[in-house]
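Visitor: from the sequence below, what's the structure:
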Amino acid sequence: MEKAKEIKQTKGGFLKGAAWIALGGFVAKIIGALYRIPLTNLIGGHGLGLYQMVYPVYCLLLTVSATGIPASIAKLTAERIGQGRSEKPVFRTAMKLFLLIGGTGSVLMVLIAPFLSAAQGTKEIVGGYYALAPSVFLVSAISVFRGWFQGKNQMFPTAISEITEQAVKVGFGLLFAYLYRGNVEKAVVFLLLSVSISEAVALLIVFLL
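Guide: Numbering: from 1, shown residues only. Have a look, this model is predicted:
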């Protein structure tokens, strides 16, 4: 009887957690999709083109430094908890490792920025690479936190950090786009800075939770 009750509670907790993750991802995607409409009006197609020239490099570095972290950390954390052992060693080891990897990615992005912007014929937005570089490091740390929380079946921190991340990016992004709408290149640099600001806020959220 107790076993069945425990299984029911575990199942309920899992479904609740899955609902939080789904809700967080859905709201974040809606915010991100709506962001493009006013952004295009403010910086135009040329501005969006410049913005999207920088982003692929960032995504490539994230693939190396952050992709798959939450799932792997969640699995290791859940296994430790299931064995009745502390999950904190997993968290500490993963954080040290991926801060190193993420930091390396950020430094690499700074180093190659002048060459990439020159090769793309957009030297004027080299600052965009610099502005976005800290995000690689920050996302690595956020991913470890999210995986750790998910391994403990705590999905709310992931959901709220995803929503906050998007909201902050949109808020600062639109503010910067409006302030620098007369200078598209400068607007794009500050738009990319808004990504780093949003990741810093998301990291603060998961740290405090």
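Visitor: among the helices and strands of the chain, which has the poorest mean pLDDT?
Guide: Confidence across the helices and strands of the chain bottoms out at helix 2-65, with a mean of 71, counting by mean pLDDT, DSSP states H and E.
Visitor: what is the burial count for residue 159?
Guide: Taking other Cβ atoms under 10 Å as the neighbour definition, residue 159 ends up with a count of 22. C-betas here are computed from N, CA, C, even on glycine.
Visitor: likewise residue 182?
Guide: Number of residues near residue 182 (other Cβ under 10 Å) recorded here: 7.
Visitor: pull the residues that contact stretch 28-37.
Guide: With contacts defined as Cβ atoms under 8 Å, 6 or more residues apart in numbering, stretch 28-37 is touched by 48, 162, 163, 165, 166, 167, 169, 170, 173, 174.
Visitor: turn these into CSV, including secondary structure, neighbour count and distance to residue 136.
Guide: CSV is the format used below for the contacts of stretch 28-37 (DSSP: H, G, I helix; E, B strand; the rest coil; neighbours: other Cβ atoms under 10 Å; distance: Cβ to Cβ, whole Å):
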residue, secondary structure, neighbour count, distance to residue 136
48, helix, 16, 22
162, helix, 23, 18
163, helix, 20, 22
165, helix, 27, 15
166, helix, 22, 18
167, helix, 17, 21
169, helix, 23, 15
170, helix, 19, 21
173, helix, 25, 18
174, helix, 16, 24
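Visitor: which among the residues you listed gets closest to residue 70?
Guide: Set against residue 70, the nearest of those by Cβ to Cβ is residue 162 (11.1 Å).
Visitor: relative to residue 41, how far out is that closest one?
Guide: To residue 41, residue 162 is 26 Å away according to Cβ to Cβ, to the nearest Å.
Visitor: all set, thanks.
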